[in-house]
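Novice: quick one: sequence plus predicted model below, questions after.
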Amino acid sequence: MNVYVTLSNLKSDESWKKKIPLIDGFGTEGIGSMIQYHLLLFYLSDFTGIPFTYPGSKNFAHHSYTEYSEDNYFEKIDTFFNFPKVDTEWDEVYDYEGQIDDNFFKLIESYKSGKKVLVNLHNCHRAIDAFCGSKKESIFTKDRIDKIRNNLIFNDERYFQEGRNICWHMRTPNPNDIPAEIVSPYREYYVKDRDFLRYKTLVDFIKNNSRNTHTTLHIHSQGFSTDFSEFLNLRENNFDIRLHIDDHPTSDIYHMSHANIFIMSNSAFSYVPSLLSSNKKLTRNNYHTWTFNSIQMNYNFTEFTGI
């Protein structure tokens, strides 16, 4: 097929025929916010057979470049996700705005010719999410999830222990966030003085259900290790806790997507590894979008649905 799709919040122009612009977070959107829809488009592409191309990324927020130059930081992200990238000159570039429905598929069929055509799904982020959510049982099969996850390229340290490994993404506030005191389906923040005892409730629940299996709880977050040091006091002989603070996001996503159980926060950064995991997820019952193979939890971690 000579027609490919890409996703952008920009409208195309003549320059796109030679080079598609990089996906730009404009310094305000994080890796989760930006990558989630391209990952969904990758799934849609594999499900429908319509080829997808990803030009590369820049200017994502929420993570520093302390150990990397900015170019190396984004090169590492692009290498990790290993999205298809077609380097060619396009005969035609078309902007599509609408739902992923019969009109979209008819458009793709109409371009089956000798021309090399790029269809830019302009601001179709929510449409892609809605399509994948409506067909999640067909799209997100274990075989396809494993295939997409195995496409990742990760050459750094793998630190899982023997036994069961549980990853918990604890989202902390960033400068561009809504205020931390606001509870939102789109954001959930861990603030030490406010939240430790509430979060400890879930740690105790996990410990009580892990007596017969050596379990390591991996906490992934940003900030200072001292904000999470109280969790280390909850370790026992058969229950370890390890902190992963300010790791490169590819390391966090790799391990969260491979965990036996992944505990999500209300965050797009949690959503990305949830899409890459066929294992069990724990998510809030007010999370703003669909999840699959998940157990729903209330705000206080005292009620669970789907166990």
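Specialist: Ah, there it is.
Novice: pull the CA atoms of whichever strand or helix holds residue 42 into PDB?
Specialist: If you go by DSSP states H and E, residue 42 is part of helix 31-48. Output in PDB follows, covering the C-alpha atoms of helix 31-48 (Å, rounded to 0.1, in the frame of the first residue of the first chain):
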ATOM      1  CA  ILE A  31       6.000  12.100  27.000                       C
ATOM      2  CA  GLY A  32       2.700  10.400  28.100                       C
ATOM      3  CA  SER A  33       0.500  13.000  26.700                       C
ATOM      4  CA  MET A  34       2.300  13.000  23.400                       C
ATOM      5  CA  ILE A  35       3.100   9.300  22.900                       C
ATOM      6  CA  GLN A  36      -0.200   7.800  24.000                       C
ATOM      7  CA  TYR A  37      -2.100   8.600  20.800                       C
ATOM      8  CA  HIS A  38       0.800   7.600  18.500                       C
ATOM      9  CA  LEU A  39       0.900   4.300  20.300                       C
ATOM     10  CA  LEU A  40      -2.800   3.900  19.800                       C
ATOM     11  CA  LEU A  41      -2.300   4.700  16.100                       C
ATOM     12  CA  PHE A  42       0.400   2.000  16.000                       C
ATOM     13  CA  TYR A  43      -2.200  -0.500  17.300                       C
ATOM     14  CA  LEU A  44      -4.800   0.800  14.900                       C
ATOM     15  CA  SER A  45      -2.300   0.400  12.000                       C
ATOM     16  CA  ASP A  46      -1.500  -3.200  13.000                       C
ATOM     17  CA  PHE A  47      -5.200  -4.000  13.400                       C
ATOM     18  CA  THR A  48      -6.300  -2.500  10.000                       C
END
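Novice: what is that helix packed up against?
Specialist: Contact here means 3 or more CB pairs under 8 Å, 6 or more residues apart in numbering; DSSP states H and E; on that basis helix 31-48 packs against strand 3-8, helix 70-81, helix 125-134, helix 136-139, helix 142-150, helix 268-275. Where C-beta positions appear, they are placed from N, C-alpha and C, glycine not excepted.
Novice: how about the ones you listed in JSON lines, adding mean neighbour count, distance to residue 233 and mean pLDDT?
Specialist: JSON lines is the format used below for the helices and strands packed on helix 31-48 (neighbours: other CB atoms under 10 Å; distance: least, CB to CB, whole Å; pLDDT from 0 to 100):
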{"stretch": "strand 3-8", "mean neighbour count": "23", "distance to residue 233": "45", "mean pLDDT": "96"}
{"stretch": "helix 70-81", "mean neighbour count": "16", "distance to residue 233": "34", "mean pLDDT": "92"}
{"stretch": "helix 125-134", "mean neighbour count": "18", "distance to residue 233": "40", "mean pLDDT": "95"}
{"stretch": "helix 136-139", "mean neighbour count": "13", "distance to residue 233": "40", "mean pLDDT": "94"}
{"stretch": "helix 142-150", "mean neighbour count": "14", "distance to residue 233": "34", "mean pLDDT": "96"}
{"stretch": "helix 268-275", "mean neighbour count": "24", "distance to residue 233": "25", "mean pLDDT": "95"}
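Novice: save the ones you listed as TSV, and put in distance to residue 292 too.
Specialist: Written out in TSV, the entries for the helices and strands packed on helix 31-48 read as follows (distance: least, CB to CB, whole Å):
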stretch	distance to residue 292
strand 3-8	21
helix 70-81	20
helix 125-134	9
helix 136-139	5
helix 142-150	9
helix 268-275	8
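Novice: out of the ones you listed, nearest to residue 25?
Specialist: helix 70-81 (9.8 Å; CB to CB).
Novice: just the CA coordinates for the closest one, please, in CSV.
Specialist: The C-alpha coordinates for helix 70-81 follow below in CSV (Å, rounded to 0.1, in the frame of the first residue of the first chain):
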residue,chain,number,x,y,z
GLU,A,70,18.4,17.4,24.5
ASP,A,71,19.1,15.7,21.2
ASN,A,72,20.3,12.5,22.9
TYR,A,73,17.3,12.5,25.2
PHE,A,74,14.8,12.5,22.4
GLU,A,75,16.9,10.1,20.3
LYS,A,76,16.6,7.7,23.2
ILE,A,77,12.9,8.1,23.3
ASP,A,78,12.5,7.6,19.5
THR,A,79,14.8,4.5,19.5
PHE,A,80,12.9,3.0,22.5
PHE,A,81,9.4,3.2,20.9
